[in-house]
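S.K.: Provided below for reference: sequence and predicted model.
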Amino acid sequence: MDVLVTIDEKSSPHRVTNSEDLGLVIRQASDEARSRRLLNVIFIEVPERHIMGMVVGGEDSALTFTYDHRDPPYLESVGPQSGTDPVLTCYVSYMHHTELPRSCVISYQEALRAVDEFASSGKLPDSIQWAET
């Protein structure tokens, strides 16, 4: 494992080389988001240059996936609920407001497992379902 985790675009990414450190960085990011009372989106980039976004700071999460070419298809996690409402309001770098549909909300634990799978394999995790955005 050799990934870069970006918590805030104003800070340098954290280089992570094992699952334990990845969990620690994500936990710290989640704690910071909770202290700010905002959900934040962090980004995990693998050497293959694919990027996964993860919502941190709450009991629920959502994931996004962008391939290395940065062109469509763009993917989001698929959760148990359908529809858009109520949206999951979060921020990128604590500044850029974004809303994700309720249909992409999954548990924080599911998100952690999928991120670990992604960081270890460099590929789109198959531990959760995905939909094109």
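M.R.: Everything's here; your move. Residues are numbered from 1 along each chain as shown.

S.K.: could you pull up phi and psi at the closest residue to residue 65 other than its chain neighbours?
M.R.: Excluding the flanking residues, the one nearest residue 65 by C-beta to C-beta, 6 or more residues apart in numbering is residue 75, at 4.1 Å. For every residue, glycine as well, the C-beta is placed using N, CA and C. Per-residue torsions, residue 75: phi -120, psi 150 (degrees, to the nearest 10).

S.K.: residues touching residue 75, list them.
M.R.: 64-66, 124, 130-133 (C-beta atoms under 8 Å, 6 or more residues apart in numbering).

S.K.: how does it look with 7 Å?
M.R.: Residue 75 makes contact with 64-65, 130-133, according to C-beta atoms under 7 Å, 6 or more residues apart in numbering.

S.K.: element containing the spatially most central residue of the chain?
M.R.: The residue lying closest to the centre of the chain (C-alpha atoms, centre = their mean) is residue 54, at 1.2 Å. Secondary structure from DSSP states H and E places residue 54 in strand 51-56.

S.K.: right, and residue 15 touches residue 4 too?
M.R.: Yes. Residue 15 lies in contact with residue 4 (C-beta atoms under 7 Å); the separation is 5.9 Å.

S.K.: excluding chain neighbours, give the residue nearest to residue 89 in space.
M.R.: Here the residue nearest residue 89, using C-beta to C-beta, 6+ apart, is residue 99, at 5.4 Å.

S.K.: tell me, how many residues neighbour that neighbour?
M.R.: Neighbourhood size, residue 99 [other C-beta atoms under 10 Å]: 10.

S.K.: any idea how far residue 39 is from it?
M.R.: 11 Å (C-beta to C-beta, to the nearest Å).

S.K.: then residue 81?
M.R.: Counting by C-beta to C-beta - residue 81 and residue 39 are separated by 17 Å.

S.K.: if we can go back for a sec, now intersect the contacts of residue 75 with the strands, please.
M.R.: If you go by DSSP state E, the contacts of residue 75 have 64-65, 130-132 in strands.

S.K.: just the buried members of those residues?
M.R.: By neighbour count, with 16 or more other C-beta atoms under 10 Å, these hold 64-65, 130 as buried.
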